[in-house]
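>>> Turn this into a structure:
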Amino acid sequence: MAEQADALDLGSSEVTHGGSTPPPRMTFTCAELQVLNKLRFYERKLINLETNVVHKNDWLLAIEGKVPSEEVRKEREKLVKRFARKVKIQGFRPGKAPLAMVEARYDEEIRTELVEDFASEAYSQALKEKDIKPLTQARLTHWNYIQDDELRFEVEAEVLPSFDVKGYNQLKLEPVTPPAREELIERRLESLRQRAARLEPVERQAVNGDFLRCDYTVSKAGMKDEKHTNVLILLGDKENFPEINSALEGKKSQETVEVEIELNEGENKKSKARFHFTIHEVKERKLPDADDNFAKDMGFENMQAFRAKLDEDAGVEAETIVKEKREDQIFKQLIESNPFEPPPTLVNEQTRYLAKRLRLDETPEVLKELEPKAQEHVRLDLIMEAIADKENVEVSDKELEKWYEDRAKGFNIPLTQAKQLWKKQRARDEARRRKTIDFLLERAAQGGRIVYPDSN
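Below is the predicted model:
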């Protein structure tokens, strides 16, 4: 970006004299601006540049710039000399063409470079003077040369919303009924039995929930067949094409099945694929009985000892569930008390993160459905950060080490691995958020606005 003035495509400029359509390369990051300023302004003293910072909405910042005509003409003369040293004009040696000829021939390019120079300097100065931390690249949205060469322009960038966080001193939490421990025990026991289930061959028709061991081939017009061997397919799985689930249901081992499916290739393009299955086995899941033998497989002497451990775990899980429901009440009130529009860039990032976490395809339909939840998450993150800043919530090295230890224990991994997975700054941010949430719960309790179901 910084050297484009010396490598201009002199025969393909698309620059206009002004208006709301900026030159196509008029975006620059903060890092690029530093290089840009170093290269383009090393000869320049402080210019007479008027700037005005305007917040167009919660997240959109505009920097309006105005450069007097005498400043524009002065910098234009310098730029013309630079062009003259670099460009090649037929009939003249490099650097020997008359300045008037260079200026006339490369008027559009010179104007564009001037706009870029002044806009980048205005943006850089505004960031420093106003302590602005942009989220996105700056974008030149409007520029015009007006009477007597005076230049006016506008640069936009997304920023974090600035707001006075409210409502966290008036939290009111309703009682939360803890879940029944016996229900949690049975649910955990069933989950462990499911994990320990074995697949056993059966001589019957396949039903939903069975596993089919099969080979299959995918044929598409004009493409080489895709062959897959010894694959286990869970019948009825939502990840399967519905047509495949329907075609395989009721089939037995040694049978073959063919099904044609219409595929969506994106951008309103569709194609057809033919699947040919050869079924080798139908298998069903066999769950172990919840008896002493199963308890021993789980590492316990008998079922009584195993249930005692499950009961202990259920108590911890019940406390966690109650705490999370109380936190949800806090989150809801904070969002309602602090209405603002989050930056689209952060919302887009969070939407795609949710899609990946939920293992969903990032189609326009899926992203649109997830967007409201993503907006909520971003707003809550910004609110929690604002509360932490306002209340001077900090995380000590000792607290950070405890956070790492809890993560290592929760994920059953070594402490060193936890520190590799969560880099120090990210870990400190998450620990600070956790500490802020605990601070809010404690403040609500001290203020008498929270009633614990298990309190006297």
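
>>> ok, so what distance separates the residue of the chain positioned farthest from its centre from residue 206?
Using C-alpha atoms, centre = their mean, the residue of the chain lying farthest from its centre is residue 91. It sits 55.7 Å away. Remark: distance between residue 91 and residue 206 (C-beta to C-beta, to the nearest Å) = 84 Å. All C-beta atoms are positioned from the backbone trio N, CA, C, and that covers glycine.

>>> How about residue 316?
Distance of residue 316 to residue 206, computed by C-beta to C-beta: 40 Å.

>>> More neighbours: those two, which one.
With neighbours defined as other C-beta atoms under 10 Å, residue 316 and residue 206 compare such that residue 206 has more, 24 against 10.

>>> Let me see the contact set for the closest residue to that one other than its chain neighbours.
Counting by C-beta to C-beta, 6 or more residues apart in numbering, residue 206 lies nearest to residue 282, which is 4.8 Å off, once chain neighbours are set aside. The neighbours of residue 282, taking C-beta atoms under 8 Å, 6 or more residues apart in numbering as the test, are 201, 202, 203, 204, 205, 206, 210, 211, 212, 251, 252, 253.

>>> Within the helices and strands, which one has residue 282?
Element membership for residue 282 (DSSP states H and E) is strand 269-286.

>>> Would you mark the buried spots in that strand?
Residues of strand 269-286 classed as buried by neighbour count (16 or more other C-beta atoms under 10 Å): 273, 275, 277, 279, 280, 281, 282, 283, 284.

>>> So in that sheet, which strands flank it, and in what orientation?
Using DSSP bridges, strand 269-286 pairs in its sheet with strand 198-201 (antiparallel), strand 211-220 (antiparallel), strand 256-266 (antiparallel).

>>> now those as JSON lines including mean pLDDT and mean neighbour count?
Shown next, in JSON lines, are the strands paired with strand 269-286 (pLDDT from 0 to 100; neighbours: other C-beta atoms under 10 Å):
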{"stretch": "strand 198-201", "mean pLDDT": "94", "mean neighbour count": "12"}
{"stretch": "strand 211-220", "mean pLDDT": "95", "mean neighbour count": "18"}
{"stretch": "strand 256-266", "mean pLDDT": "86", "mean neighbour count": "12"}
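
>>> could I get these as TSV with distance to residue 69?
As requested, these are exported to TSV (distance: least, C-beta to C-beta, whole Å):
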stretch	distance to residue 69
strand 198-201	82
strand 211-220	65
strand 256-266	52
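
>>> Identify whichever of those lies nearest to residue 122.
Residue 122 lies closest to strand 256-266 among those, at 41.3 Å (C-beta to C-beta).

>>> could you dump that closest one to CSV, C-alpha only?
The C-alpha trace of strand 256-266 is given here as CSV (Å, rounded to 0.1, in the frame of the first residue of the first chain):
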residue,chain,number,x,y,z
THR,A,256,-28.1,-53.3,-2.5
VAL,A,257,-29.8,-49.9,-2.7
GLU,A,258,-29.7,-47.0,-5.2
VAL,A,259,-30.9,-43.5,-4.6
GLU,A,260,-30.7,-40.3,-6.6
ILE,A,261,-30.3,-37.0,-4.8
GLU,A,262,-30.5,-33.4,-6.0
LEU,A,263,-27.6,-31.4,-4.6
ASN,A,264,-27.5,-27.7,-4.0
GLU,A,265,-24.2,-26.4,-5.4
GLY,A,266,-24.8,-22.8,-4.3
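
>>> Just the pLDDT for the residue nearest to residue 48 when sequence neighbours are not counted.
In space, and not counting its chain neighbours, residue 48 is closest to residue 71: 5.1 Å by C-beta to C-beta, 6+ apart. Looking at residue 71, its pLDDT is 81.

>>> circling back to that earlier point, let me know the average pLDDT across the strand holding residue 282.
92.

>>> Need phi/psi at residue 441.
phi -60, psi -40 (degrees, to the nearest 10).

>>> contacting residues around it?
The neighbourhood of residue 441, defined by C-beta under 8 Å, 6+ apart, consists of 323, 326, 327, 330, 450.

>>> switch the cut-off to 10 Å
Shown in contact with residue 441 (C-beta atoms under 10 Å, 6 or more residues apart in numbering): 171, 173, 323, 326, 327, 330, 450.
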